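Colleague: Please work out how this folds:
(one chain, ligands or ions: 1)
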Amino acid sequence: MLYESVIIVPRDEVVRLQAILDRASGSYMMDDEVVETFTAKFPNSPCEVDIKVVDADPPYVDPVLFNRVGVQVGCLDVADTLCGKYVFTVGEDTFSVVVRELDPRESPLLEVSFGGGDLLFRGERGGGFCMVSQFDRATCPSCGVADCVNDCDGSQGADEADFREEFDAVNRQRYNAGLSTVESLVLSLVCSGVLTESESPQVNEAIQSCLDAIGHQFLG
Ligand SMILES: [Zn+2]
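Modeller: Numbers count the residues shown, from 1 in each chain. Take a look at the predicted model:
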């Protein structure tokens, strides 16, 4: 499956960071120093990509893919320019992140939010939007990880693998999948320009109805 995300960086930020990258040598007397980290999230995957600008000798861009529990599962060759396309392939899955410059004179960065800012998208009209903030997931009461289905040892006393706990764990996954579905739908409508108004009352009401239905169905 293909997962795509866009990181839009203001022009002056690109210029500042690229000036660091363009130095022939960095601060070689010190350890490598991370100057900036951009994180790409994907609307339909818990994986994240960090694009790090590192001051070193020479300076470089370090793209890294993390899985849902923050373990590094992919990395690419380092790059010497920030803007560009970073593509990770893990098994059957491809994660594509485009980092591009925003010119404030040409197209202002738009933010569209719903649910009092719980769901926040940032991007350009007619361009790509990425999800900056998503709905809170139901998490395992033991380890706090959203995708845990009795994966952890339950050492904090929950999920002790009896029938009730197994049932709760599976329903948490169903609930979280429901949230992802709503987010994907709203993201698609924002990207296509159908939804442009933040906090539109009718849209918020519709989203809240979906969340209530999902919560009622799976969390009781
Ligand atoms: Zn757990």
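Colleague: Skipping adjacent residues, who's closest to Ala56 in space?
Modeller: Nearest residue to Ala56, sequence neighbours excluded (Cβ to Cβ, 6 or more residues apart in numbering): Asp32, at 4.0 Å. C-beta coordinates here come from the backbone N, C-alpha and C atoms, glycine included.
Colleague: cool, Arg23 as well?
Modeller: Going by Cβ to Cβ, 6+ apart, Arg23 has Pro59 as its nearest residue, at 5.9 Å.
Colleague: what's the spacing between Ala138 and Phe38?
Modeller: Distance of Ala138 to Phe38, given as Cβ to Cβ, to the nearest Å: 28 Å.
Colleague: Need the three-state assignment for Val186.
Modeller: When classified by DSSP: H, G, I helix; E, B strand; the rest coil, Val186 comes out as helix.
Colleague: For Val203, see how far away it is.
Modeller: Taken as Cβ to Cβ, the span from Val186 to Val203 is 8 Å.
Colleague: quick one: which of the two has more around it?
Modeller: In this view Val186 and Val203 are compared by other Cβ atoms under 10 Å, and Val186 has more residues nearby, 23 against 18.
Colleague: for the more buried one, what are its contacts?
Modeller: With contact set as Cβ atoms under 8 Å, 6 or more residues apart in numbering, Val186 has these partners: Phe114, Leu119, Phe121, Leu195, Val203, Ile207.
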